[in-house]
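Asker: The sequence and its predicted three-dimensional model are supplied below.
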Amino acid sequence: AQKITQTQPGMFVQEKEAVTLDCTYDTSDQSYGLFWYKQPSSGEMIFLIYQGSYDEQNATEGRYSLNFQKARKSANLVISASQLGDSAMYFCAMNAGGTSYGKLTFGQGTILTVHP
Amino acid sequence: SAVISQKPSRDICQRGTSLTIQCQVDSQVTMMFWYRQQPGQSLTLIATANQGSEATYESGFVIDKFPISRPNLTFSTLTVSNMSPEDSSIYLCSVERGSGSGNEQFFGPGTRLTVL
């Protein structure tokens, strides 16, 4: 079974500062993927970034980067230069390789508030 | 990215009735997934919908309560049957895109259901 843990129910950051959202995972699979999603108050799930378990480089997508530490089973999201529009719920998720690619297990989420 | 639409975007229903939610994708996909997000909670996978076969349900979800159709490779429906207030949730469909490596998982905008 897979498990995702997000220990920060809420985080605050000043506009233009960087913020790190924590995510740890547990799985017995060798092949898996890690995802981060943003959910604004509208409820839609916006895909931010993906990291494969065999990827040697940390994933980056614009202002988002994923700090992947495989031995520690952590996949923290770093948002640089925070913007007011970044205020939302953020979910870490993972899937397993093989035939279970599309089946995501989600963490409990972290509410990020960006202050002007 | 995938363009996914859902209908209805929101609805308010009476207990004991049923609601069918539609999910349309802009191109053919092998698997479609249905998730539920109860108020203040994370996302939980309900079932996987494959074209031409019965949907596969996760533990705690049954076909009688959440029947699913998948008539073709771009469309799926989820019915929430005999609704109770506990069914009030956001229901989201999701698709896997790409080469099958599992690194592209997109969500529809969600259907916000309130059961009175």
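Answerer: Done, it's in. Numbering: from 1, shown residues only, chains lettered A, B, ... in the order given.
Asker: what's near enough to touch B:L113?
Answerer: By Cβ atoms under 8 Å, 6 or more residues apart in numbering or on different chains, B:L113 lies in contact with B:R10, B:D11, B:C13, B:L19, B:I21, B:V80, B:M83, B:D87, B:S88, B:S89, B:I90, B:Y91. C-beta: built from backbone N, CA, C; applies to glycine.
Asker: if we go to 7 Å?
Answerer: By Cβ atoms under 7 Å, 6 or more residues apart in numbering or on different chains, B:L113 lies in contact with B:D11, B:C13, B:L19, B:V80, B:D87, B:S88, B:S89, B:Y91.
Asker: which one of those residues has the most neighbours?
Answerer: Within the contacts of B:L113, neighbour counts (other Cβ atoms under 10 Å in any protein chain shown) peak at B:V80, which reaches 25 neighbours.
Asker: Tell me the confidence at it?
Answerer: Looking at B:V80, its pLDDT stands at 98.
Asker: Just to check, it is in contact with B:F66?
Answerer: Yes. Here B:V80 reaches B:F66: they are 6.4 Å apart, a contact under Cβ atoms under 7 Å.
Asker: Quick check, central residue of the chain?
Answerer: All of this refers to chain A. For chain A, the residue whose C-alpha lies nearest the mean C-alpha position (Cα atoms, centre = their mean) is A:W36; its distance is 3.3 Å.
Asker: nope, chain B
Answerer: B:W34 (3.1 Å).
Asker: Per-residue pLDDT of it, please?
Answerer: Per-residue pLDDT puts B:W34 at 97.
Asker: Which residues are in contact with it?
Answerer: Residues near B:W34 by Cβ under 7 Å, 6+ apart: B:I46, B:A47, B:A49, B:I68, B:L78, B:Y91, B:C93.
Asker: Check those and tell me the two furthest apart.
Answerer: B:A49 and B:Y91 (12.9 Å; Cβ to Cβ).
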